[in-house]
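S.K.: dropping the sequence and predicted coords here.
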Amino acid sequence: MAAEKTTTEGQTTGRSVLVTGGNRGIGRAIAEAFLANGDTVAITSRNGEGPAGALAVACDVTDSASVDAAFTQVEQAHGPVEVLVANAGITKDQLLLRMSEDDFTSVVDTNLTGSFRVVQRATKGMMRLKRGRIVLVSSVVGLLGSPGQVNYAASKSGLVGMARSITRELGARGITANVVAPGYIDTEMTQGLDEDLKKQYKKSIPAGRFAQPSEVADVVTWLTSDQAAYISGAVIPVDGGLGMGH
């Protein structure tokens, strides 16, 4: 495992970092930001692909055995996970009256219970180290709600209670848990939207634009830095003012 070290700016580097769903979009940008910081990075993905320099491990966050196997692989290569970013998630949008129970439970099982699985596994090593940083990637939808996304909003809002409960349980052990709530981000998903719909969305955002994935990554890496060591149980919106802090 790379030895932990600190730069003159007080930024801890050389840590063992794990980003779930780090093969594309926001997760990939987060992994790349940690790599640029000098950390030792692993990512989980279903296809085994990831950014150059990161260890890619297969993991299904809906399966506890798969989660345990992924962590074991990362620990053998990089040592105990010191920074966990729970980013893996799915959507199955549908209006409430048409949403099937499977549409609801599968999204919650991946986004919320999946986060629980990886956090629970990560904290075992963090407690032994007496330090750790946990960042849960939520969404502005989890705070504001959205038509057709009862399942997604429920799963993402649940991360707030999770982070705050973790903070109360493990705060005295040098472990922080925070939530980042992105708004509309310029990823493959938003790039595929109809141009008129993009304009409509941008009109609702005070900043007048979508964010770059790197802008979310910058907030995540800062939350795991020494500068943010006294921040825990917080919800940080990265939404251009769309949610106004809700």
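M.R.: Yep, it's here. Numbers count the residues shown, from 1 in each chain.
S.K.: only C-alpha atoms for contact and neighbour calcs from this point on.
M.R.: Noted.
S.K.: please pull out the lowest mean pLDDT helix or strand from this structure.
M.R.: Ranking every helix and strand in the chain by mean pLDDT, DSSP states H and E puts strand 5-6 at the bottom, with a mean of 50.
S.K.: check the offset of the next helix-or-strand element following that strand from the chain's centre.
M.R.: Stepping forward along the backbone from strand 5-6, the first helix or strand reached (DSSP states H and E) is strand 12-13. Taking Cα atoms, centre = their mean, to the nearest Å, the mean C-alpha location of strand 12-13 is offset from the chain mean by 19 Å.
S.K.: cool, stretch 28-43 as well?
M.R.: Between the mean C-alpha position of stretch 28-43 and that of its chain there is a distance of 13 Å (Cα atoms, centre = their mean).
S.K.: likewise stretch 117-134?
M.R.: Per Cα atoms, centre = their mean, the centroid offset for stretch 117-134 relative to its chain is 15 Å.
S.K.: from now on call the first residue 54
M.R.: Renumbered: residue one is now 54, and that last one reads stretch 170-187.
S.K.: dump that stretch to PDB, restricted to CA.
M.R.: The C-alpha trace of stretch 170-187 is given here as PDB (Å, rounded to 0.1, in the frame of the first residue of the first chain):
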ATOM      1  CA  ARG A 170     -23.600  -2.400   1.700                       C
ATOM      2  CA  VAL A 171     -20.400  -0.700   0.500                       C
ATOM      3  CA  VAL A 172     -20.300   1.700   3.500                       C
ATOM      4  CA  GLN A 173     -20.800  -1.100   6.000                       C
ATOM      5  CA  ARG A 174     -17.900  -3.000   4.400                       C
ATOM      6  CA  ALA A 175     -15.600   0.000   4.200                       C
ATOM      7  CA  THR A 176     -16.100   1.100   7.800                       C
ATOM      8  CA  LYS A 177     -14.600  -2.200   9.100                       C
ATOM      9  CA  GLY A 178     -11.200  -1.100   7.900                       C
ATOM     10  CA  MET A 179     -11.700   2.600   8.700                       C
ATOM     11  CA  MET A 180     -12.500   1.800  12.300                       C
ATOM     12  CA  ARG A 181      -9.200  -0.100  12.600                       C
ATOM     13  CA  LEU A 182      -7.400   2.800  11.100                       C
ATOM     14  CA  LYS A 183      -9.300   5.300  13.200                       C
ATOM     15  CA  ARG A 184      -9.800   7.500  10.200                       C
ATOM     16  CA  GLY A 185     -11.900   7.500   7.100                       C
ATOM     17  CA  ARG A 186     -13.800   9.700   4.600                       C
ATOM     18  CA  ILE A 187     -17.200   8.600   3.200                       C
END
